[in-house]
Each structure stands twice: as C-alpha cells, then as structure tokens.
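*Asks:* missing the sequence, but the structure's below:
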C-alpha cells in the first residue's frame, strides 16, 4: 500500500472512529447524569494531578482498568496504545519499544534506549527490566513524546511510569489463580496493612508463572516459548512524624525460559524450513543439551518525603538496581546441524540519587526543582562459536573457533532541573521547564575475530563527554471547567554511545547524540456531565542526528550511524464513554507519518523519504464492556476488544522482505463477580491471527545463500482467572 492510500485509509478510519464513539453518546439523555467516569491521578510532573489537568499526551490506566482488560504485565498493554508499539519478542533483553515512530532497541550495552520505565519514580534500567509484573499496581502512565525536562536525557521517545500501591493503613489484599492453554499457570497477589498502628505499615506482593510453550523444535521434539518466572516486592512505610514519611522498597524478578526466537520460512538451499508455523530445527550444542535462557533484575530504594509548614515538600529517592541475563543460547544456523551458535551474557548496575522540592498546590505559581545523579556500569560477553560440524559443511578447518566481543561501559550523569506553572488568569496558564545534563562515558571494547570472516578489533579505550539543555515551554487555556486546550514545545536528547557490537573496524565504534524538538497541540475534555472523556493531541517532531542501526551483509557487522534528519507527525485520540448504566465504551486511534528527511547511510545509499522502523501509519483500539446484576450482590461483566495495527517497516532500507504486515486482533472476557470474588473466562487473539514481530531476508551467515527468517507472535490463548480480594 502506498503512502497516499495509507493516508486515505487513516482519514477514513478517523471518520469511522468519531462516528462510532460520538453517535451513541449524542443519542443519550442527560437525565442519567449521576454516572461519571473515574478520575485518574497521574504523576507525570512529579506531583499528584488529575489526568485532565496535565498538558501532555498520556495514556493512563488505573488498577481497575488493567484488571478488566486482563493486563498482568507491561508488555500485555501492547496493541492498546495509540502510536505505541511494545514489541512482543520472546527475549527479555531484545524488547523493542516504539513511540510515535521512534524505536528504542538497545541491542548492545553501548547503546541507550530512548524509552524509560520507572517504578515509583525509580528508573528500572535496560530493556531486560521493561516487562514488570503488576500484582500490586495502582496505575500505569504512558507518556508520549520527549520527557527530558522531568524524566531525563534518554526519554526522547517517551516514558512509562508504574505506580504501585503504598502499604495501607488497614488490612487489604488479593490473590489470583490463573490457568490457560499450553500449560500456562499464574499465581499473583499482595497483602498490605499496619505493622504498628500510626507508625509502620508493610506490603508484600508476588507473582509466579509458568508455561509449556507454543513452538516445537523438531530436532529433539522439545518445546519453545516455555518459561518459569517469579517476582516479589516488599515495601515498608514509616510515618514517624506527621510531616515525615519514609518508604523502603525492594523487588526481585527472575525468569528462566526457552525462547522461540524465529523460524526459517524460505531458503535457497532448502535447509531449516519446517512445515507449519511455530516449528524450528535447532541443534542444541551447549553442554547437557539444555537451551534455557535467564533474565534477572532487582532493586532497592528509599524514598523520604518531608512536608514543611508552609506547604512545600522535599523528596529524596536513593536507589540501586541490578539487571542481567545469560548466558542465553541462540542457534544461528537453524538447520539441525552444529554449525555456529551464540551465547549472550550481560550485567548492569545502576545507582541513582534524586532530590527535589515541590511547592504547595493551588497557588498562582507552583513549581518543582531538583537535582539528579546516576552511575551505571554495563558489561557483556557475546561469544559466537563455530560448531563441531562447521568444517564438514564449509570446508574451513575452524571447528571451535570463537568470535567474541567484550564491552564494558561506565556512565556517570548528573543533572539539575526545574519546572513551573504560572496562572496568568482563571483561564490562561503558562508552563516552562529546563534541565541541564552532564554525562561522561568510559568504554572498553575488544573484538576477537575469526579470520578470514571477521577481523579482530582493539582493544579500544574511548571516552565521551556531553552537556545538554532540555527545555520545555507551554500554554494552556481553560474553555470551561471540564475542557482545556494546550500547546507545548519540548526539546529532548538521547546520548551518544559506542557500537559495542560486531564491527568491521575501529572507525565504526562511536556515534553521536540525537535530538528532537516536539511541537504539540492538545485537548483534554470531559462532556455530558463527565460521562464522556475525549483527549486528543496533534504533534510534529523534528529529529536531528537520529541514531540508526543497520546490518552490513558483506562484513557481517552492525553499524550505528546518525541520520541527518527525520520527521514524525500525527495525532492521538482517546475516548471513554458511559452511555448508560453498566456500559462503558473505549477507543484509541493513532495516525502517524514518520520518515527520514535526509539520510545518506554508511554505505552511500540515499534513504531520504523512507519510513522509520516500527512506525505503523494507523494504530487503533476499540473496547466495549457491559455489566449487570444477575443476583443479589453478583454481577455479570462482558467485555470485547478489537485492535488494529498497520504495516511497519523492519529496516531503514524499507525492504519488501523485511516489512511487517498489519493485523487485526480480537479479545474477549466474561466475568462473574461480587465484592470479594471474581471468576473470569477470557481469550486473546481469538481468530488465531498469524502475524510477525520480525521478518528479514538475508544471506546465510558464513554460508552464502539467501534465507527468510520470521518471528511469529504468540498464537491464540484462552483461560480462566479466579480472584479473591479482602
């Protein structure tokens, strides 16, 4: 489909969207005004505010909304967010996130992600930490666009803020049991309450899950897509004085799994192609014949809140986090022979300190000022090993030869920031903010090559020093008590780094920072006595020096280069309506046009005008939920969802063979519940749609023939969930 056709489809989708969501509402009588949508509190500006008062494009979900959607972890929000792609790949460390066409795939420890996940204000770290479980969640906020003033340098695409329940003053909690197809099981819950009344409160939350998988390795008839994981969180909240509160948090997550990576669907040599989806032939060369991968992360933090007599509040957050994975095994040949395989392993640690002062709310001027410090160290070992049958197949006597990269990156960052809002009148408000960031990086890198295929490089020692400003300015106007329009301009950046991957020479080791200026106009509104909520944003994002990753087939190496410029523009619309008692309608629509304006890549090709990677022209979500009483204190709740995602490009070259086709998914849920119990039957991807997360046609590494590899998303799933709350 060409660009013109896609834009036409987008306009048609927009018209249908507005008609579908507006018509039922207009047909209702205002006499039912007792119904009202739940207020959503967000922390996007480092203080508690109503979603409708924050002039930022935010998708926000309360714990009730997440439970009714069946969302149990971060990645299960995928397909429910306008202009957001949460990649559903099976590897924790390779998860890609794209917001407004800006994808954040930190393939190596030398790269930074342009997207950040925060738990109670603490940055979780690298991509292996993204998929947090949500047994004790209070709310989830997805902030689209650069958030550099408040959240920092590497939130150029956006940020996700996870807010957990604080330890409660009275005993409360729940427990959930879930069983699904493919032997999937989950147990989750939390318990919270007083330890010493008026002084100390505690909470423990945990999740355990396992699955027998959905793909088959015919080499030994073993399953892939299997997992066992456990996550636990402990919190203690102390209130030793009326104006002082301390929150100590500790969490731990571990996942052992056999990932379904991808399968060969076409091969010039006819090798590795197994009939049927979710079928592979992978030789397991590691000792003991096991292919288990492992991902682990943990952290501890102390938050201290002190309230001054005049209403100012001082907050200190001290945190330390660790994450890592491996050694994770991948059979790179996938033809059932011991030819070559990779063992990925990485570890990261992250120490941070944030100190901020917030003014009282309700004044003509309110503000937040603060300082931030962090130190992050990341190491990796990625041996690519030629197997015992390599010489037999290729004729090269290199059995057991190892290609190896060993990067070590240390990053020290400090920043000062301030953000304020000034009410010019009852209707007009002006907001402005600034962040100054200073960052130093030290890198060590060594590449042990396998001549004549891959050269040795290094050892290299390099440094990087960057100092950048991240300003924001905006104005908002109150149309009335329930509607606000706003305009804002924000500047963000993502730091440069080191191409700590397989490289052809030392000349390809470093790359520079990228920058974006975001222009946004938005609407926050509630209508019909707050039974309809309509939020919308139109944006234009101007990128300079956009970081782009490309694969060089002749040298089997990866390049990270800075594209000259790129533009991302579009809109987001989110609507929720209560047309009648028990019925809730929700919808989200994202329209996007994200392209390279000027880009001569590292190989001399002109890619100007190409679409950005993972930037679908249209994303959409429709949901309807209806609940009604069937007996005393018992309700039946029915929910249906439809999601749509347009085609996406898989590489900067926009190759037909790497394009990811669009799809439509259908989900449903039926629950019977009272104040304490709920039993729900549910199904996701009910039509069993086969759609790809990844697709690529490349020469077979070291063997010279073409093949196409595809990673299909998980098939249809269905199950039952039991929940008891107290």
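*Replies:* Alright, I've got the coordinates. What you see is a predicted model; the values in this text were computed from it and never measured. Numbers count the residues shown, from 1 in each chain.

*Asks:* Ends of stretch 352-371, what's the gap?
*Replies:* 11 Å (CA to CA, to the nearest Å).

*Asks:* Would you indicate which residues of that stretch are buried?
*Replies:* 352, 354, 356-359, 366-368, 370 (16 or more other CB atoms under 10 Å). All C-beta spots, glycine's among them, are computed from the backbone N, C-alpha and C.

*Asks:* Show me which positions of stretch 128-140 end up buried.
*Replies:* For stretch 128-140, the buried set under the neighbour-count rule, 16+ other CB under 10 Å, comprises 128-137, 139-140.

*Asks:* in the sheet, who's paired with residue 346?
*Replies:* Counting by DSSP bridges, residue 346 forms beta bridges with residue 325, residue 380.

*Asks:* same thing with residue 228?
*Replies:* With DSSP bridges as the rule, residue 228 is bridged to residue 210, residue 256.

*Asks:* Over to the one 10 residues further on?
*Replies:* In this entry, residue 238 is beta-bridged to residue 200, residue 246, by DSSP bridges.

*Asks:* Quick check: it touching residue 199?
*Replies:* Yes: using CB atoms under 8 Å, residue 238 is in contact with residue 199, at 6.5 Å.

*Asks:* number of nearby residues for residue 427?
*Replies:* 12 (other CB atoms under 10 Å).

*Asks:* Show the subsequent helix or strand relative to the top strand by length along the chain.
*Replies:* The longest strand of the chain (DSSP state E) is strand 557-580. Scanning forward in sequence from strand 557-580 by DSSP states H and E, the next helix or strand is strand 583-598.

*Asks:* Run the angle between the very next helix or strand once past that next one and strand 557-580 for me.
*Replies:* Following strand 583-598 in sequence order, the next helix or strand is strand 618-631 (DSSP H and E). Using axes from the mean of the first three to the mean of the last three CA atoms, to 10 degrees, the inter-axis angle of strand 618-631 relative to strand 557-580 is 40 degrees.

*Asks:* Next, the contact list for residue 630, please.
*Replies:* When contacts are counted by CB atoms under 8 Å, 6 or more residues apart in numbering, residue 630 touches 636, 672.

*Asks:* run the last query once more with 6 Å
*Replies:* residue 636 (CB atoms under 6 Å, 6 or more residues apart in numbering).

*Asks:* Point out where the stretch 501-650 of the chain drops to low pLDDT.
*Replies:* 554-555 (pLDDT under 70).

*Asks:* Please apply the same query to the chain.
*Replies:* Residues of the chain that meet the cut-off, pLDDT under 70, sit at 1-34, 88, 105, 288-290, 554-555.

*Asks:* And stretch 665-685, what's buried?
*Replies:* For stretch 665-685, by 16+ other CB under 10 Å, it's 665-669, 671, 673, 678, 680, 682-685.

*Asks:* cool, and stretch 462-482?
*Replies:* Those would be 462, 464, 466, 468, 470-472, 474-476, 478, 482, for stretch 462-482 by 16+ other CB under 10 Å.

*Asks:* Kindly reformat those residues as JSON lines containing secondary structure.
*Replies:* Converted to JSON lines, the buried residues of stretch 462-482 look like this (DSSP: H, G, I helix; E, B strand; the rest coil):
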{"residue": "462", "secondary structure": "strand"}
{"residue": "464", "secondary structure": "strand"}
{"residue": "466", "secondary structure": "strand"}
{"residue": "468", "secondary structure": "strand"}
{"residue": "470", "secondary structure": "coil"}
{"residue": "471", "secondary structure": "coil"}
{"residue": "472", "secondary structure": "strand"}
{"residue": "474", "secondary structure": "strand"}
{"residue": "475", "secondary structure": "strand"}
{"residue": "476", "secondary structure": "strand"}
{"residue": "478", "secondary structure": "strand"}
{"residue": "482", "secondary structure": "coil"}
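
*Asks:* between these, which is closest to residue 565?
*Replies:* Taking CB to CB as the measure, residue 565 lies nearest residue 468 of those, at 17.8 Å.

*Asks:* Identify the residues contacting that closest one.
*Replies:* Going by CB under 6 Å, 6+ apart, residue 468 touches 437, 493.

*Asks:* switch to 7 Å and redo it
*Replies:* 153, 437, 493 (CB atoms under 7 Å, 6 or more residues apart in numbering).

*Asks:* So what touches stretch 405-412?
*Replies:* Outside stretch 405-412, the residues touching it (CB under 7 Å, 6+ apart) are 108-110, 375-382, 439-447, 498, 500-502.

*Asks:* what's the most distant pair in the buried residues of stretch 128-140?
*Replies:* Pairwise over the buried residues of stretch 128-140, using CB to CB, the maximum falls at 128 and 139, 23.5 Å.

*Asks:* among the buried residues of stretch 352-371, which two are most distant?
*Replies:* 352 and 366 (25.1 Å).

*Asks:* coming back round to it: ok, and the most crowded of the contacts of residue 468?
*Replies:* Busiest of the contacts of residue 468 [other CB under 10 Å] is residue 153, holding 26 neighbours.

*Asks:* Would you agree residue 510 is in contact with residue 460?
*Replies:* No: with contact defined as CB atoms under 7 Å, residue 510 does not count as touching residue 460 (9.5 Å).

*Asks:* Going along the chain, name the helices of the stretch 201-350 of the chain.
*Replies:* Using DSSP state H, counting those that start in this stretch, the stretch 201-350 of the chain contains no helices.

*Asks:* picking up where we left off before, looking at the buried residues of stretch 352-371, which one is closest to residue 548?
*Replies:* residue 352 (28.9 Å).
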